[in-house]
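Peer 1: I would like the atomic coordinates for the input below:
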Amino acid sequence: MNAPTQVLHPLSAIRHGRLEVDGVEVFYRESAPARADAPVLLLLHGFPTASHQFRRLIDALGDRYRLIAPDYPGFGNTVAPADFDYSFDHLADIAEGFVQRLGLTSFTMYIFDFGAPIGLRLATRHPEWITGLIVQNGNAYEAGLSEAAQGFVALRPDHEGDEEVIRGLLTLEGTRGQYETGVPDPALLDPDAWTLDQHYLDLPGRKEAQVALAFDYKSNVARYSEWQSWLRTYTPPTLITWGANDPFFPAPGAHAYLADLPDAELHLFDTGHFALETHVSEIAGLITDFLDRLPTPAR
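Peer 2: Purely as a prediction, here's the structure:
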C-alpha cells in the first residue's frame with residue numbers, strides 16, 4: 001500500500017445541535033466546511049463512547065468535508081425517554097430518522113464498533129443513500145469475532161452471572177482497558193477519552209441501557225449473512241482502516257470484507273480497538289484520499 005497522506009488542516013469549526021426523533025432528543029456534532037456542497041461523511045460511533053470519539057477527526061477534516069456525528073440513545077448527550085427500548089433495531093430506527101430529519105440523501109458512512117450494525121441496517125434499508133463505506137474495527141463477519149467477543153455474544157439474561165459480566169465492562173477499569181489493550185505505547189492515549197466515556201456511562205439509566213444492548217448483540221451476528229449479501233450486491237467503494245491488535249474484533253475481521261469487496265482498500269495499524277486515538281493523522285490522510293476519489297453524487 002502507498003504511504004498515507006499526512007493531513008495538517010487547520011482546526012475546523014464545529015457546530016453542536018439537537019434534533020427530536022420519535023421522542024428522542026438526538027445530540028450531534030457537525031463540521032462547517034468552506035464549500036456548501038462538500039461531501040458528507042456520517043460518523044457512527046462505538047461502545048462505550050459517543051460522537052466525541054471523532055473530535056480530532058472532525059478537527060482534521062471538517063474544513064473540507066461535512067462531517068456529522070450523532071450520539072445514539074443511551075450514549076453521550078442524547079436524551080431518550082425512560083421507557084426507551086434499547087435494541088440495535090431501535091437505535092437504527094433513530095439513526096434513520098435523524099438522517100431523514102437532516103435531509104441527507106447521499107453520504108459516505110464511517111462505521112466503527114456498534115456503528116457497524118447500526119450503519120449496515122441503514123444501508124440495507126436505504127442503499128441509495130450510501131456513496132461509500134469507511135470501516136474501522138466494525139465487524140460484520142464471524143471470522144472477526146475473537147474468543148472474547150464470541151463469549152460476549154453468548155451472554156443471556158436468563159443465565160446466572162451473565163449480567164454481572166457485562167456490568168464489569170462498564171466500570172472505569174473496564175472502559176480504560178478497552179482503550180489500552182493492544183496499544184504498544186499507552187502513553188499515546190489521552191486519558192480524557194475513557195474518563196469522559198465513563199462519565200456518560202455513570203449517568204442514571206445508562207448502565208441498564210448498555211446491558212440491554214449487550215444482550216441484544218446476538219441480533220447483529222444473526223444478520224451478518226444479510227449484510228454480506230448487501231456488500232456483494234451493491235459493492236460500495238470501501239476503505240478499511242483497522243487496529244490489528246483489537247481484542248474483540250481482530251484483524252481477520254478486516255480481511256473478511258475482501259471476500260465480498262475484493263476492490264476494497266485495506267490498511268492495518270499496530271494498535272488496539274480505538275485506532276483513531278493513536279493514528280488519527282494517518283487515517284485522516286487515507287480518508288481524504290478515499291473521499292476525493294469518489295464520484296460526485298447527483299444532487
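
Peer 1: the nearest residue to His267 once chain neighbours are set aside and His279: what is the separation?
Peer 2: Distances taken as Cβ to Cβ, 6 or more residues apart in numbering place Thr241 nearest to His267, at 5.0 Å, with adjacent residues excluded. For every residue, glycine as well, the C-beta is placed using N, CA and C. Distance, Thr241 to His279, using Cβ to Cβ, to the nearest Å: 8 Å.

Peer 1: what's the answer for Ala209, then?
Peer 2: 30 Å.

Peer 1: the two: which is more packed in?
Peer 2: Neighbours per residue, other Cβ atoms under 10 Å: of Ala209 and His279, the larger number sits with His279, 21 against 18.

Peer 1: helix, strand, or coil at the more buried one?
Peer 2: Under DSSP: H, G, I helix; E, B strand; the rest coil, His279 falls in the helix class.

Peer 1: tell me the bridge partners for the nearest residue to it once chain neighbours are set aside.
Peer 2: Nearest residue to His279, sequence neighbours excluded (Cβ to Cβ, 6+ apart): Phe269, at 4.9 Å. Taking DSSP bridges as the rule, Phe269 bridges to Gly243.

Peer 1: over to Ile130?
Peer 2: Bridge pairing for Ile130 - DSSP bridges - gives Phe107.

Peer 1: let me see the contact set for it.
Peer 2: Going by Cβ atoms under 8 Å, 6 or more residues apart in numbering, Ile130 touches 106-109, 122-123, 234, 236.

Peer 1: format these as CSV; extra columns: pLDDT.
Peer 2: Formatted as CSV, those follow (pLDDT from 0 to 100):
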residue, pLDDT
Ser106, 97
Phe107, 98
Thr108, 98
Met109, 98
Leu122, 98
Ala123, 98
Tyr234, 98
Pro236, 98
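
Peer 1: if we can go back for a sec, the residue nearest to His279 and Ala60, how far apart?
Peer 2: The value you get for Phe269 to Ala60, if Cβ to Cβ is used, is 16 Å.

Peer 1: look at those two and report which has more neighbours.
Peer 2: Using other Cβ under 10 Å as the criterion, Phe269 and Ala60 rank with Ala60 on top: 26 against 19.

Peer 1: touching, the more buried one and Glu282? I think so.
Peer 2: No - assessed by Cβ atoms under 8 Å, Ala60 is found out of contact with Glu282, at 10.7 Å.

Peer 1: the closest residue to Ala38 other than its chain neighbours pairs with what?
Peer 2: In space, and not counting its chain neighbours, Ala38 is closest to Arg66: 4.8 Å by Cβ to Cβ, 6+ apart. Residues in a beta bridge with Arg66, per DSSP bridges, are Val40.

Peer 1: what's the burial count for Arg66?
Peer 2: By other Cβ under 10 Å, neighbour count at Arg66 equals 20.

Peer 1: before we move on, what SS does Gly17 have?
Peer 2: strand.

Peer 1: element containing the nearest residue to it once chain neighbours are set aside, please.
Peer 2: Residue nearest to Gly17 in three dimensions, not counting chain neighbours: Tyr28, with 5.5 Å by Cβ to Cβ, 6+ apart. Using DSSP states H and E, Tyr28 sits in strand 24-31.

Peer 1: what packs against that strand?
Peer 2: strand 14-21, helix 55-61, strand 66-70, helix 88-102 (3 or more Cβ pairs under 8 Å, 6 or more residues apart in numbering; DSSP states H and E).
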